[in-house]
Structures are given as structure tokens and as C-alpha cells.
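# Structure for the following, please:
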Amino acid sequence: MKELVLFYFEGCPHCRNALKWQEELLESRPEYRAVPLRMIDERREPEIARKYDYWFVPTYFLGELKLFEGFTQRHCVEEAFKRALES
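Just a heads-up that it's a prediction; the model follows:
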């Protein structure tokens, strides 16, 4: 299973929504807890963020593949976890 990587930063309203939906999904779908998840605050870890090709947060990557960038919806977050489980 590939690692799911989330880029975000504190204070971002879209990130706050993505994190809320992520928590809800992890509680309601225990199988998603098996997904290796790395959360990177781009302001606290800019050296890592610079290695990835994206402009907006929240952004989900599955391995090297960018899944979603910027404004997201609950179904996008769930799709990221589904794809990670299938990888």
C-alpha cells in the first residue's frame, strides 16, 4: 500500500475542512486506518514541501501521484483513502 501524503497549513479553512472530513472517515471506516498517512504542514516543513509539485493546499498525494489540490470536498478526501487502500 502506498503512503498517502497530505500537505496543509494551520489557519487554512479548506485544510480545516479536509482534516475534519479525514477524521470523520477514519472513525466511520476503520479500514482507512491501515492507510499509511503522512501529514505535512508546509509552513513548518518547507524543505519537504518544495520537493512536491503543487500550488495550493490541501493537497493529497498517493506516492508520487497528485490526487487532489486546493479546495476539496468530503468525497475527494474519501476517494484519496479508497485509492490508497487499492494501491
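# Low-confidence stretches in this protein?
Flagging of the chain using pLDDT under 70 yields an empty set of residue ranges.
# the helices in it, which residues?
According to DSSP state H, the chain carries its helices in the segments 13-28, 46-49, 74-86.
# and of those helices, who's closest to residue 60?
Among the helices of the chain, the nearest to residue 60 by Cβ to Cβ is helix 74-86 (4.3 Å). Glycine gets a C-beta too; all of them are placed from N, C-alpha and C.
# That closest one: how far from the chain's middle?
Remark: helix 74-86 is offset 9 Å from the chain centroid, using Cα atoms, centre = their mean, to the nearest Å.
# Tell me which other helices or strands that helix touches.
Secondary-structure packing of helix 74-86 (3 or more Cβ pairs under 8 Å, 6 or more residues apart in numbering; DSSP states H and E): strand 4-8, helix 13-28, strand 59-62, strand 65-69.
# Nearest to residue 84, out of the ones you listed?
strand 4-8 (4.4 Å).
# quick one on the thing from earlier: switch the helices and strands packed on helix 74-86 over to a markdown table; also include distance to residue 50 and mean neighbour count.
Output for these, formatted as a markdown table (distance: least, Cβ to Cβ, whole Å; neighbours: other Cβ atoms under 10 Å):
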| stretch | distance to residue 50 | mean neighbour count |
| --- | --- | --- |
| strand 4-8 | 11 | 22 |
| helix 13-28 | 18 | 15 |
| strand 59-62 | 13 | 23 |
| strand 65-69 | 15 | 16 |
